[in-house]
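> A structural model of the following input is requested.
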Amino acid sequence: MSKPRLSRSALAGSELLPARPEGTGIVHLGLGNFHRAHQAVYTAAALAQDGGSWGILGVANRSRAVADAMLAQDRLYGVVEISPSGSRVSVPGAHTGVLVAAQDPAAVTAAIADPNVRIVTVTVTEHGYTFSPKTGDLDLESGAVQKDLHQSEAPTTTVGQLAGALTIRARTHRAPITVASCDNLLGNGRRTAALVRQFLEHTGADDVIDWSADSVTFPNSMVDRIVPSSSDLYDAQSTARLGAADGIAVPAEPFSMWVMEDSFCAGRPRWEAGGAVFAADVEPYESMKVRLLNGTHSLIAYLGALDGRQTIPESIGRPFVEAAARAVLVDDYLPTVPVPDGVDIEDYIAQLFVRWSNSALGHKTAQVGSDGSAKLSQRIPIPALYHLKRGVVPHCLSLTLAAYLCCVCPPEGFDPGPHAGSMTDPARQRLAGLAASAASGEHFVRSVVKNGDILPVELARFPEFITRTAELVDIIVRHGPMAAAVEAANSTLSTGADGSRTTHD
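All right, here's what the predicted structure looks like:
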């Protein structure tokens with residue numbers, strides 16, 4: 001006998017029936033798995049404890065698949081927390097509606113402009129902010145940005161949508177609002193504020209800028225949870241636990257963290273009910289996460305994919321990948337991270353390796369390795385420059401860049417394998433053109449750096465970094481990722497007990 005579709009009526013009388021929001025107070029841009037397993041879960045915990053009008057209007061970018069499925073399921077879905085010891089299912093139930101931006105961009109702007117909406121949260125990935133990697137400013141060479149600047153009624157970029165909605169708010173009801181970026185950008189709140197201001201400056205909206213100074217806040221935040229892609233397996237697990245058919249279950253690891261500045265000018269849910277942390281200075285948490293977790297995660301994904309591994313647990317299970325991960329984390333990233341007060345960094349690092357080894361989760365290397373052109377620009381430059389200015393080559397950061405290039409724009413005649421081939425990257429075609437026109441591997445790496453849209457051109461001042469990266473590309477091509485990882489780890493920076501640093505060659 002087939003099960004009824006997941007709905008509130010199907011869960012009637014169940015302990016899993018979530019609290020119903022009393023109204024919509026949050027618009028979320030980016031209705032992907034991460035949001036549904038992270039911010040939505042924290043918001044559901046706050047609603048369960050306090051109630052209130054903090055329901056979420058979720059906005060998908062282009063695809064209707066999740067939006068339609070959520071509408072068919074009373075906007076409910078299961079979050080399947082997975083570990084080797086078993087799994088548990090919860091139902092957040094925090095959403096009050098869904099939109100698809102590509103189909104009705106004007107509706108998105110109108111939703112954010114609604115005076116009842118007091119918070120906008122954002123998870124659109126790093127490249128969704130349409131800033132130039134070369135300058136960090138609004139990318140005025142982007143056709144989408146130019147279109148939004150000249151046709152502000154129905155903007156399609158995230159920054160355009162925010163600026164358009166703030167313009168309506170400033171010129172009508174003037175209700176305050178908070179914009180909270182939840183993406184892996186250092187200083188994500190300040191970065192979002194700067195991009196929105198630049199957009200408004202280009203549209204001549206000085207009155208909106210003046211109003212925003214006192215009526216809009218952009219808190220920095222750090223988010224952390226490993227959320228793989230959905231699959232029929234997780235739908236089946238959710239369906240079995242709920243007793244109702246769930247077609248959009250979200251898998252997630254048990255670990256979850258959210259650290260924010262408490263700068264919400266129009267109020268907020270009591271996210272502390274779900275374990276959120278509020279801190280005066282979020283940047284140490286951001287640096288710790290973006291470099292130690294995300295930066296190392298990228299290297300694991302690239303080496304694993306090149307080694308033919310489909311998942312992160314399979315990859316970290318390879319001794320050479322684990323050794324390279326420890327080397328880049330401890331030797332290249334950790335010296336550049338201001339460890340937050342109260343964090344036991346040895347315990348944090350040990351926990352990272354446990355999380356990456358969660359074989360029940362099956363996080364794919366292709367998923368983690370995608371969009372590297374945007375991700376690595378947030379992870380490599382500051383640590384690389386830190387070491388290079390001290391006369392030390394960060395070998396495993398060079399390895400990260402080399403493995404990335406071999407995955408997304410492999411040298412002629414080199415097959416990186418199906419998992420690398422499945423990685424998506426907006427720079428793939430352009431990088432392939434640079435590779436095809438390069439006279440040598442070193443010339444190729446130098447042209448990538450000098451172009452400045454993945455890594456800052458300042459790195460081109462250090463030929464030793466470019467030479468080392470090119471050498472590791474050549475080793476990967478000739479001898480495989482294991483040989484390159486062993487070479488980099490054996491040559492890397494190490495820190496002695498007294499804090500001194502030496503290189504091993």
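> which parts of the stretch 251-400 of the chain are strands?
With DSSP state E, counting those that start in this stretch, the ranges of strands along the stretch 251-400 of the chain come out as 257-260, 277-278.
> I meant the chain, not that one.
Taking DSSP state E, the strands of the chain run over residues 24-29, 55-60, 79-83, 86-90, 95-100, 119-122, 177-181, 216-217, 221-224, 250-252, 257-260, 277-278, 493-495, 501-503.
> who's in contact with the first one?
Residues from elsewhere that reach strand 24-29, judged by C-beta atoms under 8 Å, 6 or more residues apart in numbering: 35, 39-40, 43, 52-59, 61, 96-97, 101, 108, 111-112, 114, 116-124, 158, 161, 269. In this view, the C-beta of every residue, glycine as well, is placed from N, C-alpha and C.
> please tell me how far A252 sits from P115.
34 Å (C-beta to C-beta, to the nearest Å).
> neighbour-wise, which of these two wins?
A252 (25 against 14; other C-beta atoms under 10 Å).
> correct me, but that one touches S87?
No. A252 lies out of contact with S87 (C-beta atoms under 8 Å); the separation is 9.9 Å.
> which neighbours do those two have in common?
80-81.
> quick one: contacts for the nearest residue to S231 once chain neighbours are set aside?
Leaving aside its sequence neighbours, S231 sits nearest to P251 (C-beta to C-beta, 6 or more residues apart in numbering; 7.4 Å). Going by C-beta under 8 Å, 6+ apart, P251 touches 33, 37, 80, 82, 227-231, 234, 361.
> please redo it, this time with the cut-off set to 6 Å
80, 82, 228, 234 (C-beta atoms under 6 Å, 6 or more residues apart in numbering).
> so what's the residue count around S63?
S63, neighbours per other C-beta under 10 Å, totals 12.
> any idea what sits nearest it, other than its immediate chain neighbours?
V100 (7.4 Å).
> isn't the one you found right up against D68?
No. Using C-beta atoms under 6 Å, V100 makes no contact with D68, being 8.9 Å away.
> and these two? Which one has more around it.
V100 (21 against 15).
> what's the pLDDT at that one?
Note for V100: predicted pLDDT of 97.
> okay, and the beta partners of it?
A60 (DSSP bridges).
> got a list of what it touches?
So V100 contacts 60, 64, 67 (C-beta under 6 Å, 6+ apart).
> so how far is A101 from the second one?
Summarising the geometry, the distance separating R64 from A101, computed by C-beta to C-beta, is 11 Å.
> higher neighbour count, those two?
Neighbours were counted for R64 and for A101 using other C-beta under 10 Å; A101 has more, 24 against 13.
> quick one: contacts for the more buried one?
59, 61, 108.
> hmm, the last one is touching V59, no?
The one in question is V108. Yes. Using C-beta under 6 Å, V108 is in contact with V59, at 5.5 Å.
> overlap in contacts of those two?
What both V108 and V59 touch, as defined by C-beta under 6 Å, 6+ apart, is the set 99, 101.
> circling back to that earlier point, flag the least confident of the contacts of V100.
R64 (93).
> just list whatever residues bridge to the closest residue to E272 other than its chain neighbours.
Among residues not flanking E272 along the chain, F278 sits closest, at 7.4 Å (C-beta to C-beta, 6+ apart). Judged by DSSP bridges, the bridge partners of F278 are M260.
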